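Peer 1: could you work out the structure for the sequence below:
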Amino acid sequence: MKRSLFILAFAFASLAPGQGMLFIGTWPRDVQVLDEAKQKVVDRIQLSTGLARSMQLSEDRKTLYVATLEKNGFEVVDAATHKVTNAFVLDEGNKRMRYNSWAPSPDGKLLYLLIRPVEKKIDRFEQDKTTKFAVVDLAQKKIVRTADVPKDEEPPGFGFGGGMRLSPDGKYLYVFRNNVLIFDTTDFKLVEKIELSKPQFPGIANVGIGMPLDSIQEPGMLISVFNSTDPVVRRNVFGIARFDLTRRTFEFTPVGPSTTGMMGLHVTPDHKKGYTVAFSGQGGNRRSEFWEFDLATNKLARKQEFDGRSRFSFGISSTGKDLYIFGAGYTVEVYDANSFQLRNTIDLNADITTGMIVTPSAGR
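Peer 2: Model prediction:
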């Protein structure tokens, strides 16, 4: 009898859900809050500046920053109380401050953006010809400083098409795209350029970093998967990339042959495992698989096919025991990370418009 109870308790523990909170932007102007333990919606944060388009979490995981669509606005939310503490828009009159990549400063006082101002004329919209850095003072609720992006580094079109992060001391701004560009935040001078086409390992080139870049819950440490092309026989390979934003260093570890596509890497709280979703095939023949990595050895530990949607996003719970499939619809599907089996489906009753933010729950 005792042995049976022990086995039952162990099985229940292995199926224990996350213990944090999930934040997901939904139509028309909400951020829904889900309790991981209850696996249901427990609160809705109503936004005053428009539809949520993207969200980021502060390094201390206490503050949620929400970018909104209609008038290029921002709202700041206390993650513990779910209360909006600040809200404003950047658009003024006939001028729109169109922005692409953005990142909050570590001290929570500033936002850094890449912008292209657009002015509405009588018969047309006129966009600035250059991309600019912009610094938003959250207390003043406005842009207080701008600087032109170096001409040699400005890509065609608008924006860098990648992520932005700041070093833990706020001195350096990292822009991730086909290369990693590091700027001094005092004058936006280019300090260093990490050319991803020239990694440390011979035989791989043209490295592309997967998004998102996971913080692995260590300030200044990022991890992601990357894809690369062999310059000789054009063989595609993938691997794991690690970035130290404090020391301005990076490393790539090749793992194996590439697949058709791959999502960003999400790491468990103990930093021992990483999960991603990989695709093979195209169209109706496409297969979706969960991949688990042993991060101590950078090896693929196991994989399992699952019934993926035509479009979706991927996340991980606060404990690392659940995997989430969501987006392009109303629902969040909860998979057990141990068995890769579908455990539950949470209906949000609204279209999902952002990625997912996961925070530890207060008092747990």
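Peer 1: going by C-alpha atoms from here, please, whenever you check contacts or count neighbours.
Peer 2: OK.
Peer 1: what sits against residue 150?
Peer 2: Contact analysis of residue 150 by CA atoms under 8 Å, 6 or more residues apart in numbering lists residue 190.
Peer 1: could you measure it against residue 255, distance?
Peer 2: Computed as CA to CA, to the nearest Å, the residue 150 to residue 255 distance reads 35 Å.
Peer 1: now residue 350
Peer 2: Taking CA to CA, one finds residue 350 at 39 Å from residue 255.
Peer 1: neighbour count: these two, which is higher?
Peer 2: Set residue 350 next to residue 255 and count neighbours by other CA atoms under 10 Å: residue 255 wins out with 18 against 15.
Peer 1: tell me the SS of the more buried one?
Peer 2: strand (DSSP: H, G, I helix; E, B strand; the rest coil).
Peer 1: check residue 113 too.
Peer 2: From three-state DSSP, the assignment for residue 113 is strand.
Peer 1: for it, give me its contacts.
Peer 2: 99, 100, 101, 102, 103, 133, 134, 135, 136 are the contacts of residue 113 under CA under 8 Å, 6+ apart.
Peer 1: what's the answer for residue 312, then?
Peer 2: 325, 326, 327, 328.
Peer 1: okay, now the sheet partners of the helix or strand containing residue 304, with direction.
Peer 2: Take DSSP states H and E as the rule and residue 304 turns out to sit in strand 299-306. Under the criterion DSSP bridges, strand 299-306 sits next to strand 287-294 (antiparallel) in its sheet.
Peer 1: pLDDT below threshold where in the stretch 51-200 of the chain?
Peer 2: 155-162, 197-200 (pLDDT under 70).
Peer 1: before we move on, the earlier item: tabulate the contacts of residue 312 (CSV), appending distance to residue 315 and neighbour count.
Peer 2: What follows is the contacts of residue 312, written out as CSV (distance: CA to CA, whole Å; neighbours: other CA atoms under 10 Å):
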residue, distance to residue 315, neighbour count
325, 7, 20
326, 8, 23
327, 11, 22
328, 14, 14
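Peer 1: tell me the least confident of the residues you listed?
Peer 2: Lowest in pLDDT among the contacts of residue 312 is residue 328, which has 85.
Peer 1: I'd assumed residue 352 was in contact with that residue.
Peer 2: Yes: contact criterion CA atoms under 8 Å: residue 328 and residue 352 qualify, at 6.6 Å.
Peer 1: for stretch 326-333, measure first residue to last.
Peer 2: End-to-end distance (CA to CA), stretch 326-333: 6 Å.
Peer 1: ugh, typo on my part, it should be stretch 132-144
Peer 2: Stretch 132-144 has an end-to-end distance of 13 Å (criterion: CA to CA).
Peer 1: residues touching it, excluding its own?
Peer 2: For stretch 132-144, contacts defined as CA under 8 Å, 6+ apart pick out 86-90, 109-116, 145-149, 188.
Peer 1: how near is the closest residue to residue 73 other than its chain neighbours to residue 321?
Peer 2: Leaving aside its chain neighbours, residue 73 sits nearest to residue 89 (3.8 Å; criterion: CA to CA, 6 or more residues apart in numbering). Counting by CA to CA, the gap from residue 89 to residue 321 is 38 Å.
Peer 1: now do residue 288
Peer 2: Counting by CA to CA, the gap between residue 288 and residue 321 amounts to 20 Å.
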